[in-house]
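Participant: The sequence isn't on hand, but the structure is:
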Ligand code: SF4
């Protein structure tokens, strides 16, 4: 039973999230890697499949997606991408909610993932039943959830947002006079609240990767690189966001590296993003924001342990065996598609 908080800052206690160790994949020689990639390309073709890889996956997977006509993108673009493809199989290299979103939007397609246990601390920290009980305490609020949630949580929500589109959607709701209940990322929620001035009730989840960026150590690095621009994803805590020159979604941060005049960038988000950043600006220097320091507990600094569960090896195995298919209960899918489609329709009106 969740008691109604007396103010917006005191909300349910979350269960402890077990963070897996960052997987160590056997190192491949250049020749082995090429051979494996060629094999995957053949399997993709034979199975009429396309690969969508998230910016936080390895450079090998991002490269393979590009080479095979797939996409490398943030979760919003990955969701859109599947709907534009004729392929009968979508292979999603990312975390589970991304595969689920693809399946929700493409129920007639087979959706495979290299590892179905690749989840996300935001998704894990927001069980549908508890979230529903929390929402029931605020029946007059519009429920806005971040894309990093299960299909079940999306099914009880009014809107789904990604970090790329959270601000305009909340502004749009505020203009209509709607009160907002936000879940599950408290840091992104606080940032949206601050930027829009909209009072929101926040679920207290967080991303274990962004939570680990350390402001004292970051200040030290900024002093060492005074001309560097600091790029921060809004899933990071407020004291990190405060030090940023640019706060934005993964896509916005990649664009910033290409468009800003600075030669150096300190980057506070998963370092898988360096692949696309380096592509956008090969002559610029990228520096990882520090995650170590007093109180750091992250087991894989600036690398999401769940994203790390995707590799060339298990991608090949999934395609070979046809395992790790995403299935979603039709009754959940019917409800979950509504807030996702609402987001996509809203995004289309802004293009
Ligand atoms: S980086 Fe954070 S938000 Fe992204 S998948 Fe990993 S745990 Fe989830």
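Facilitator: Nice, thanks for sending it over. Only a predicted model underlies this, so the values are computations on that prediction, with no experimental measurement involved.
Participant: Report whether stretch 283-292 contacts the ligand.
Facilitator: No: using CB under 6 Å from any ligand atom, stretch 283-292 never reaches the ligand; the gap is at least 11.8 Å. Using the backbone N, CA and C atoms, a C-beta is placed for each residue, glycine as well.
Participant: May I see the buried residues of that stretch?
Facilitator: Within stretch 283-292, the residues that count as buried by 16 or more other CB atoms under 10 Å are 284, 286, 288, 289, 290, 291.
Participant: next one: that stretch to chain centre, how far?
Facilitator: In terms of CA atoms, centre = their mean, to the nearest Å, the centre of stretch 283-292 is found 20 Å from the chain centre.
Participant: returning to that earlier point: what would the buried residues of stretch 283-292 look like in TSV with secondary structure and pLDDT?
Facilitator: Below are these laid out as TSV (DSSP: H, G, I helix; E, B strand; the rest coil; pLDDT from 0 to 100):
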residue	secondary structure	pLDDT
284	coil	97
286	strand	96
288	strand	91
289	coil	92
290	coil	86
291	coil	80
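Participant: Now flag whichever of those residues is closest to residue 127.
Facilitator: residue 291 (26.9 Å; CB to CB).
Participant: in the stretch 251-351 of the chain, what residue is nearest the ligand?
Facilitator: Relative to the ligand, the nearest point of the stretch 251-351 of the chain is residue 304 (3.2 Å; CB to the nearest ligand atom).
Participant: Then that residue would be within a helix, right?
Facilitator: No: counting by DSSP: H, G, I helix; E, B strand; the rest coil, one finds residue 304 to be coil, located in no helix.
Participant: any idea of the pLDDT on it?
Facilitator: Predicted confidence (pLDDT) for residue 304: 92.
Participant: Enumerate the residues of the chain near the ligand.
Facilitator: 56, 95, 120-122, 148, 207-209, 235, 270, 304, 306-307.
Participant: Out of those, name the ones that lie in strands.
Facilitator: Residues of the residues of the chain next to the ligand located in strands (DSSP state E): none.
Participant: Most neighbours among these, which one is it?
Facilitator: Greatest neighbour count in the residues of the chain next to the ligand, by other CB atoms under 10 Å, goes to residue 148: 30 neighbours.
Participant: so who does the nearest residue to it once chain neighbours are set aside touch?
Facilitator: Distances taken as CB to CB, 6 or more residues apart in numbering place residue 122 nearest to residue 148, at 4.0 Å, with adjacent residues excluded. Neighbour list for residue 122: 146, 148, 149, 184, 185, 205, 206, 207 [criterion: CB atoms under 8 Å, 6 or more residues apart in numbering].
Participant: ok, so of the residues you listed, who is nearest the ligand?
Facilitator: Among these, and counting by CB to the nearest ligand atom, the member closest to the ligand is residue 207, at 3.2 Å.
Participant: Excluding sequence neighbours, find me the nearest residue to residue 114.
Facilitator: Nearest non-adjacent residue to residue 114, counting by CB to CB, 6+ apart: residue 314, 4.2 Å away.
Participant: count of neighbours near the one you found?
Facilitator: Using other CB under 10 Å, the number of residues around residue 314 comes to 19.
Participant: what pairs with the closest residue in space to residue 138 that isn't next to it in sequence across the strands?
Facilitator: The spatial neighbour of residue 138 that comes closest, neighbours along the chain excluded (CB to CB, 6+ apart), is residue 181 at 5.0 Å. Using DSSP bridges, the bridge partners assigned to residue 181 are residue 143, residue 201.
Participant: next one: residue 229
Facilitator: Under the criterion used (DSSP bridges), residue 229 bridges to residue 265.
Participant: and it, what is it in contact with?
Facilitator: Counting by CB under 8 Å, 6+ apart, residue 229 has contacts 245, 246, 256, 260, 262, 264, 265, 266.
Participant: of all those, which two lie farthest apart?
Facilitator: 246 and 264 (13.5 Å).
Participant: For residue 132, see how far away the closest residue in space to residue 263 that isn't next to it in sequence is.
Facilitator: Distance criterion CB to CB, 6+ apart; nearest residue to residue 263, sequence neighbours excluded, is residue 284 at 5.8 Å. From residue 284 across to residue 132, the span is 46 Å (CB to CB, to the nearest Å).
Participant: how about the helices in the stretch 151-300 of the chain?
Facilitator: 151-155, 166-175, 186-196, 215-224, 238-241, 250-259, 274-280 (DSSP state H, counting those that start in this stretch).
Participant: model confidence over the third one, on average?
Facilitator: Which is helix 186-196. Taken as a whole, helix 186-196 has a mean pLDDT of 95.
Participant: Who are the contact partners of residue 142?
Facilitator: Residues in contact with residue 142 (CB under 8 Å, 6+ apart) are 158, 159, 173, 178, 179, 180, 181.
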